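Q: have a look at this prediction, sequence included:
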Amino acid sequence: MDLRSPAARAATVPRTLACALALLVAVSGCAGSGVDGTPGADGVRDPYFPKLGNGGYDVTHYGLTLGYDPDGRHLTGTAEITARAAKNLSSFNLDLKGLDVSAVTVEGKAARFQRAGQELRVRPADELDRGETFVATVRYSGTPETITDADGSEEGWLKTADGALALGQPAGSMAWFPGNHHPSDKASYDIAITVPKGLTAVSNGELTRESTKNGRTTFAWHSAEPMASYLATVAVGEYEMKTTATEDGLPVVTAVDPSQAKAGKKALAKIPDILEWAEYNFGPYPFSSAGAIVDREEDAAYALETQTRPVFPGPPETGLIVHEMAHQWFGDSVTPRSWRDMWLNEGFATYAEWLYEEDQGGDSAQDTFDALYEGDYYEDAEDNEAIWDFPPAKPTDAAHISDAPVYERGAMVIHKIRRAVGDDAFYDIVQGWAKTYRHKNADTRDFTEYVEKHAGSDEAREKVGRIWGDWLYGDGKPDRP
């Protein structure tokens with residue numbers, strides 16, 4: 001009980017209020033926000049896609065529970081995202097394009113959220129401490145979008161004749177699940193897809209469960225090895241799914257559209273032998289399963305190296321199978337740190353085609369290099385000239401990260417390295433690179449330093465140094481020594 005007079009009590013109110021305010025400021029770190037954390041960045045500032053990805057946390061696992069109705073093109077989803085805070089966080093962003101978000105929780109508590117373009121900003125009830133592992137759960141639904149890229153290609157959620165196909169390079173995965181959609185943040189995945197009975201849902205990794213209830217079938221897939229989100233896929237349709245194995249016991253899971261079954265069976269039968277060849281040249285296969293998805297040609301305009309299960313539009317030719325299987329080492333296991341490093345994916349995969357052709361008694365890699373350099377490789381003169389439009393390691397913008405210099409001139413860089421260091425050192429470098437950065441991210445600087453370190457002699461190091469300047473970063477067509 002306060003026994004002072006009313007006037008005395010009134011006089012103390014401003015001082016009491018001032019002390020309370022001072023205490024509040026002290027507790028809040030003088031920020032006035034009531035929290036110690038700061039918002040995570042709304043992008044990782046990739047040189048070509050600055051808004052892709054998000055800062056402040058690293059995802060370790062995605063648990064996706066999806067339901068899809070092809071007739072209504074309606075997707076329902078629950079994404080459980082396990083991540084580790086890289087700093088004290090008051091909020092963080094997820095990439096999600098379109099779709100309606102109904103609820104978000106963090107560590108089981110309702111979280112506030114807001115949408116702005118492709119950004120879903122989440123504000124947890126309790127701030128997240130640096131180093132803390134947390135689970136964010138997002139419930140969402142709607143009609144997933146098909147995204148048209150700067151180069152005119154389509155990705156995201158593609159409608160097919162009998163279902164859907166999800167392709168994610170470089171940004172399409174944000175059309176069907178929220179996440180940290182930049183290749184620098186890799187995670188393991190569990191993807192369960194429920195579809196009408198009679199349809200099949202295929203994804204990455206291994207099938208762990210198939211069950212039917214009330215006229216709908218659920219297919220649950222598990223990918224234990226880290227995967228960049230652009231390599232995640234879902235294919236829904238009337239597939240003929242088959243599991244075989246290589247001589248070493250590696251499961252090979254294939255899913256083929258019935259209209260492509262006859263020709264597709266013949267093409268896909270080559271996968272075990274191609275994998276054996278690739279292991280001999282590149283080192284041990286980096287995943288727990290392999291395989292392929294073959295859709296109709298009109299369902300997708302291009303093949304994609306989706307992890308463990310590349311997607312092909314129609315029965316693929318042998319060279320294309322070699323290319324996409326080589327990506328399992330170069331691109332999927334060793335993943336680019338940014339989209340500027342795309343040539344590390346495509347240069348190696350294209351060169352794998354040259355090596356395979358050489359080993360099968362066809363044109364040597366040197367023959368292919370010579371034809372490209374002399375402008376005799378393609379029938380169209382413009383296609384031959386396009387190889388020199390820009391250096392492989394410096395695409396001009398996002399619309400050109402999949403252009404000829406990244407593929408063919410990138411492969412020419414790899415061949416120049418082989419000639420500079422000799423075959424023995426070259427294959428040691430290729431296998432060592434795949435081993436050193438297995439399931440990790442790497443950039444062009446990592447690669448050039450690795451090659452120089454393992455080139456062998458000072459003379460070889462001097463030669464590869466000139467390759468970087470003339471072939472990897474140099475403008476125009478280099479002089480040929």
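A: Looks like it arrived, so ask away.

Q: for the rest of this, base every contact and every neighbour count on C-alpha atoms.
A: Fine.

Q: so what's Tyr473 scoring on pLDDT?
A: The predicted local confidence for Tyr473 comes out at a pLDDT of 98.

Q: where along the stretch 201-350 of the chain do the strands fall?
A: Taking DSSP state E, counting those that start in this stretch to define them, one finds strands in the stretch 201-350 of the chain at 206-213, 216-227, 234-237, 240-245, 251-256, 290-295, 311-313, 335-336.

Q: show me where the stretch 1-150 of the chain has its strands.
A: According to DSSP E, counting those that start in this stretch, the strands that the stretch 1-150 of the chain contains are 38-39, 57-69, 74-85, 89-95, 100-106, 109-110, 112-116, 119-123, 133-142, 146-148.

Q: please point out which parts of the last one sit buried.
A: Going back to what we said before, that points to strand 146-148. Of all the residues in strand 146-148, those buried under the rule 16 or more other Cα atoms under 10 Å are 146-147.

Q: now the third one
A: Of the residues in strand 74-85, 75-85 count as buried by neighbour count, 16+ other Cα under 10 Å.

Q: which one of those residues is nearest to Val234?
A: Comparing the buried residues of strand 74-85 against Val234 with Cα to Cα picks out Leu75 as the nearest, at 12.1 Å.

Q: I figured the closest one hits Tyr68, correct?
A: Yes. The pair formed by Leu75 and Tyr68 meets the contact definition of Cα atoms under 8 Å, at 4.6 Å.

Q: does Pro50 touch His181 like I think?
A: No. With contact defined as Cα under 8 Å, Pro50 does not count as touching His181 (11.4 Å).

Q: looking at those two, which one has more neighbours?
A: Between Pro50 and His181, counted using other Cα atoms under 10 Å, the more crowded position is His181 (27 against 13).

Q: against Val44, how distant is the nearest residue to that one once chain neighbours are set aside?
A: If you skip the residues right next to it in sequence, His181 has Gly53 as its closest partner in space, 4.7 Å away by Cα to Cα, 6 or more residues apart in numbering. As defined by Cα to Cα, to the nearest Å, Gly53 lies at a distance of 5 Å from Val44.

Q: those two: which is more packed in?
A: For Gly53 versus Val44, neighbours defined as other Cα under 10 Å are more numerous around Gly53 (25 against 19).

Q: tell me how far that one lies from Trp221.
A: For Gly53, the distance to Trp221 under the criterion Cα to Cα works out to 24 Å.

Q: check Gly67 too.
A: Computed as Cα to Cα, the Gly67 to Trp221 distance reads 14 Å.

Q: flag the shaky bits of the stretch 251-400 of the chain, pLDDT-wise.
A: For the stretch 251-400 of the chain, no stretch has pLDDT under 70.

Q: please enumerate the helices of it.
A: Secondary structure of the stretch 251-400 of the chain (DSSP state H, counting those that start in this stretch): helices located at 261-268, 271-282, 318-326, 342-359, 365-374, 381-386.

Q: export the last one to PDB, keeping only CA atoms.
A: This points to helix 381-386. C-alpha atoms of helix 381-386 as PDB (Å, rounded to 0.1, in the frame of the first residue of the first chain):
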ATOM      1  CA  ALA A 381      27.100 -21.500 -89.600                       C
ATOM      2  CA  GLU A 382      25.300 -19.400 -87.000                       C
ATOM      3  CA  ASP A 383      25.400 -22.400 -84.600                       C
ATOM      4  CA  ASN A 384      29.100 -22.800 -85.100                       C
ATOM      5  CA  GLU A 385      29.700 -19.100 -84.500                       C
ATOM      6  CA  ALA A 386      27.500 -19.000 -81.400                       C
END
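
Q: what's the first helix or strand after that helix?
A: Beyond helix 381-386 on the C-terminal side, the first helix or strand identified by DSSP states H and E is helix 404.

Q: how far away from the center of its chain is that next one?
A: Between the centre of helix 404 and the centre of its chain there are 21 Å (Cα atoms, centre = their mean, to the nearest Å).

Q: name the nearest residue to Gly264, ignoring sequence neighbours.
A: Of all residues not flanking Gly264 in the chain, Pro315 sits nearest, at 4.6 Å (Cα to Cα, 6+ apart).

Q: look up phi and psi at the one you found.
A: With angles defined as degrees, to the nearest 10, Pro315 shows backbone torsions of phi -60, psi 120.

Q: list the contacts of the closest residue to Leu207 other than its chain neighbours.
A: For Leu207, ignoring the flanking residues on the chain, the nearest one in space by Cα to Cα, 6+ apart is Trp221 at 4.5 Å. Contacts for Trp221 (Cα atoms under 8 Å, 6 or more residues apart in numbering) come out as 190-192, 202-209.

Q: thought Ile193 was touching Phe219?
A: Yes. Under the criterion of Cα under 8 Å, Ile193 makes contact with Phe219 at 5.4 Å.

Q: out of the two, which sits in the busier spot?
A: For the pair Ile193 and Phe219, the greater number of neighbours falls to Ile193 (25 against 20), based on other Cα under 10 Å.

Q: please, which helix or strand holds the more buried one?
A: Following DSSP H and E, one finds Ile193 within strand 187-196.

Q: which other residues reach that strand?
A: Contacting residues not belonging to strand 187-196 are listed as 59-69, 201, 203, 215-229, 236 [Cα under 8 Å, 6+ apart].

Q: span of stretch 397-415 from start to end?
A: Taking Cα to Cα, stretch 397-415 runs 25 Å from one end to the other.

Q: same question for stretch 138-148.
A: End-to-end distance (Cα to Cα), stretch 138-148: 25 Å.

Q: kindly report the same for stretch 122-134.
A: Taking Cα to Cα, the span from the opening residue of stretch 122-134 to its closing residue is 13 Å.

Q: ok so, going back, are any of the contacts of Trp221 buried, and if so which?
A: Neighbour counting with 16+ other Cα under 10 Å marks 190-192, 202-207 as buried within the contacts of Trp221.
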